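A.B. asks: structure, please.
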Amino acid sequence: MTTSAICEGSSSRQPIAKPSVANGRRPKLADYERERTGFTWESVRRELAGGPPNAMNMARIVVDRHADTAPDRPALRLLDRDMRTTEIDYGTLRAQTNRFANLLRDLGIPAGEVVASLLGRIPALYTTALGALKNRDLFCPLFTAFGPEPLYQRLRLAKTRVLVTTPALYRHKIAQLREGLPALEHVLLSGGTSDEEPPEGCLALERLLAETDDHFELPPTSEEDPALLHFTSGTTGQPKAAVHTHAAILTQYASSRWVLDLSPDDRFWCTADPGWVTGTVYGILGPLAVGVTLVADSEPFDPRRWYRILESERIGVWYTTPTAIRMLMRAGDELPRGFDLSALRHAASVGEPLNPEAVTWGLQALGLPFHDTWWQTETGAIMIANYPAMDIRPGSMGRPLPGVEAAIVRRVGARAEPIAEPGVAGELALRTGWPSMFRAYLEEPERYSRCFADGWYLSGDLARRDADGYFWFIGRGDDLIKTSGHLIGPFEVENLILEQEGVAEVGVIGKPDPVAGEIVKAFVSLKPGFTGDESMRRSLLALARKRLGPAVAPKELEFRDRLPKTRSGKILRRLLRAEETGEPVGDLSTLDDS
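C.D. replies: Here you go, the predicted model:
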């Protein structure tokens, strides 16, 4: 397999040394090798869940454990459009989630049913998620930007018994689906005026909660009891429903401490949408298990507003996406200098590979680099990361979480053979058995079994491992470009072009060619003040040929004012390919924005 290789002398590829102390605090995972050598998941289990038979319940670990010792500590700070804050402490969160769990029992919802949310970052989101977990139901978040059809698919497949949403979302997206969803017994609406009657077949959530007891006895909970149902579709195919159990909280907690470096006195901001897996795992569960104060914003991306939140909320740790970072870069280096960001001590990225220049831009503009992380809906938590105490190699995914064994494997028929040599491309695989590993695809056992071979979970991502154990992303298997006998990962080609002055965004695809099979084509969006003329086009192509070699460099380059993206900002290579080939693109609203 041949893949592109970016010049090692590039300034954005130089390792970034990390200080042993940041803002007066030493990172949790100060000695990576020592922790990996002596680590067992049993040690985390004893820390979080020693004691009564309900100890493994996610909601007990996330809420009640802290409410017992620090009920007045703020758990949530939720910002509305006008930057007004609703603060909810751990004691209040326990009471509200107890009320929701009791409400489920009053409605006749037993353990094991699916409770879905179609909500933004409002109090009802957290009450629903954690209250459902207390009743040992499966919490299933849904993306509010979905149209009726993808929502129907997911609600039907999950046999959803309870849905919590808002009056507006119900009217526009759910009401028309009710007749085709016989399993959906209860729709609970959050918001609206106090004297407003809900539509027929719906119930007013806050009104019911006010009338419900705030004491709830947690039932005995096994770590293998189902807890979460996350839909993921990737870039192709029908949605998959990944099932996770209460044991997932062990990995979510450990990764929140070691990768995000969280402590109970932190204010933490995860910008992921609550309709996707990151918005649940690191927008609710993992950080609250540590005991932090979560900050959440109700509004979409706006550079000035985001910097204002970092300043006014005194955010210590920030988890965002490469697309958001690139949009901040596009807004310029001067904007952040007008804000006091001195509280920020750690910043990390999720959702797609982080380009090297985004890492170094963070250091230049914000005073600290962004740390890339890798995981999937199926893994349930961060698996590979750049840690606060570890030197960053820009463009690298980092190294595996303690307790997680990662390898590069070669598929040979139904077998998976680990590749021992460093620098060789193959499929990224994880040794099975970590606590947050998904346990099933709902009603698709054969699809689930195809994800495993010889004791490895096969991620479908192509990567390589260097001699020091750092992993480097190459691309999704279905994104690879096959040209003249070479397999090329679009990510490294995009990185090379993104390093050039004036380039804001890049999408690289394989364009059908009768001779080569495919040729590499790049779509480029420029920063304000730069012109996509013939001179710029030739300059970028020539540089790519020089740095990547003629077999890997783009043969064509097209300038676009904007590149097509998902709602969370991932570049839609699928749509770019469809424009070139004329193939049908399908429903883009179903793409995974986690």
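A.B. asks: got the domain ranges for this protein?
C.D. replies: Following automatic domain parsing, one finds the domains of the chain at 23-465, 480-563.
A.B. asks: helix or strand: which one has the residue nearest to the spatial centre of the chain?
C.D. replies: Residue closest to the mean C-alpha point of the chain, counted by C-alpha atoms, centre = their mean, is Thr278 at 3.5 Å. For Thr278, the host element (DSSP states H and E) is helix 277-280.
A.B. asks: buried set for that helix?
C.D. replies: Val277, Thr278, Gly279, Thr280 (16 or more other C-beta atoms under 10 Å). For glycine as for every other residue, the C-beta is placed from the backbone atoms N, C-alpha and C.
A.B. asks: again, but for stretch 504-515
C.D. replies: Under 16+ other C-beta under 10 Å, the buried positions of stretch 504-515 are Ala504, Glu505, Val506, Gly507, Val508, Ile509, Gly510, Lys511.
A.B. asks: kindly report the same for stretch 299-306.
C.D. replies: Quick answer for stretch 299-306 (16+ other C-beta under 10 Å): Phe301, Pro303, Trp306.
A.B. asks: before we move on, back to that, and which of the buried residues of helix 277-280 is nearest to Ala358?
C.D. replies: Thr278 (17.5 Å; C-beta to C-beta).
A.B. asks: would you mind measuring from the spatially closest residue to that closest one that is not a sequence neighbour to Arg121?
C.D. replies: With C-beta to C-beta, 6 or more residues apart in numbering as the criterion, Thr278 has its nearest non-adjacent residue at 3.7 Å, and that residue is Ala272. Look at Ala272 and Arg121: by C-beta to C-beta, to the nearest Å, they are 10 Å apart.
A.B. asks: between the two, what contacts are shared?
C.D. replies: Common contacts of Ala272 and Arg121 (C-beta atoms under 8 Å, 6 or more residues apart in numbering): Gly283.
A.B. asks: count the neighbours of Asp68 for me.
C.D. replies: 12 (other C-beta atoms under 10 Å).
A.B. asks: following the helix or strand containing it, which helix or strand shows up next?
C.D. replies: Here Asp68 sits within helix 65-69, counting by DSSP H and E. Beyond helix 65-69 on the C-terminal side, the first helix or strand identified by DSSP H and E is strand 74-79.
A.B. asks: what strands flank that next one, and is each parallel or antiparallel?
C.D. replies: Its sheet considered, strand 74-79 pairs with strand 85-89 (antiparallel), strand 293-297 (parallel) by DSSP bridges.
A.B. asks: angle of the next helix or strand after the last one against strand 293-297?
C.D. replies: This means strand 293-297. Following strand 293-297 in sequence order, the next helix or strand is helix 303-312 (DSSP H and E). Orientation of helix 303-312 against strand 293-297 (axes from the mean of the first three to the mean of the last three C-alpha atoms, to 10 degrees) gives an angle of 160 degrees.
A.B. asks: could you export helix 303-312 as PDB, CA atoms only?
C.D. replies: Output of helix 303-312 as PDB, limited to C-alpha atoms (Å, rounded to 0.1, in the frame of the first residue of the first chain):
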ATOM      1  CA  PRO A 303     -16.200  33.400  16.700                       C
ATOM      2  CA  ARG A 304     -16.600  36.400  18.900                       C
ATOM      3  CA  ARG A 305     -19.300  34.700  21.100                       C
ATOM      4  CA  TRP A 306     -17.000  31.700  21.500                       C
ATOM      5  CA  TYR A 307     -14.100  33.800  22.700                       C
ATOM      6  CA  ARG A 308     -16.500  35.700  25.000                       C
ATOM      7  CA  ILE A 309     -17.600  32.400  26.600                       C
ATOM      8  CA  LEU A 310     -14.100  31.300  27.100                       C
ATOM      9  CA  GLU A 311     -13.400  34.600  28.800                       C
ATOM     10  CA  SER A 312     -16.600  35.200  30.900                       C
END
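A.B. asks: thinking again about what came up before, which secondary structure elements does the helix holding Asp68 sit against?
C.D. replies: Counting contacts by 3 or more C-beta pairs under 8 Å, 6 or more residues apart in numbering; DSSP states H and E, helix 65-69 is packed against helix 90-106.
A.B. asks: what's the helix it packs on packed up against?
C.D. replies: Partner elements for helix 90-106 (3+ C-beta pairs under 8 Å, 6+ apart): helix 65-69, strand 74-79, helix 123-134, helix 205-210.
A.B. asks: out of those, which gets nearest to Leu576?
C.D. replies: Of all those, helix 123-134 sits nearest to Leu576, with 33.6 Å by C-beta to C-beta.
A.B. asks: contacts for the closest one, please.
C.D. replies: Helix 123-134 is touched from outside by 57-60, 62-63, 76, 78, 86, 88, 93, 96-101, 103-104, 115, 117, 119, 138-139, 141, 162, 164, 190-191, 205-206, 209, 216, 218, 227, 246, 274, 280, 284, with contacts defined as C-beta under 8 Å, 6+ apart.
A.B. asks: which of those are buried, as a PyMOL select command?
C.D. replies: Selecting only the buried entries of those in PyMOL, with 16+ other C-beta under 10 Å as the criterion:
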select buried, resi 57+58+59+60+62+63+76+78+88+93+96+97+98+99+100+101+103+104+115+117+119+138+139+141+162+164+190+191+205+209+216+218+227+246+274+280+284
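A.B. asks: tell me the most buried of the strands paired with strand 74-79?
C.D. replies: strand 293-297 (a mean of 23; mean count of other C-beta atoms under 10 Å).
A.B. asks: return the helix or strand in this structure with minimum mean pLDDT.
C.D. replies: strand 486-488 (a mean of 64; mean pLDDT, DSSP states H and E).
A.B. asks: how far away from the center of its chain is the very next helix or strand once past that one?
C.D. replies: Per DSSP H and E, the first helix or strand lying C-terminal to strand 486-488 is helix 490-498. Helix 490-498 has its average C-alpha position 22 Å from the chain's average C-alpha position, going by C-alpha atoms, centre = their mean, to the nearest Å.
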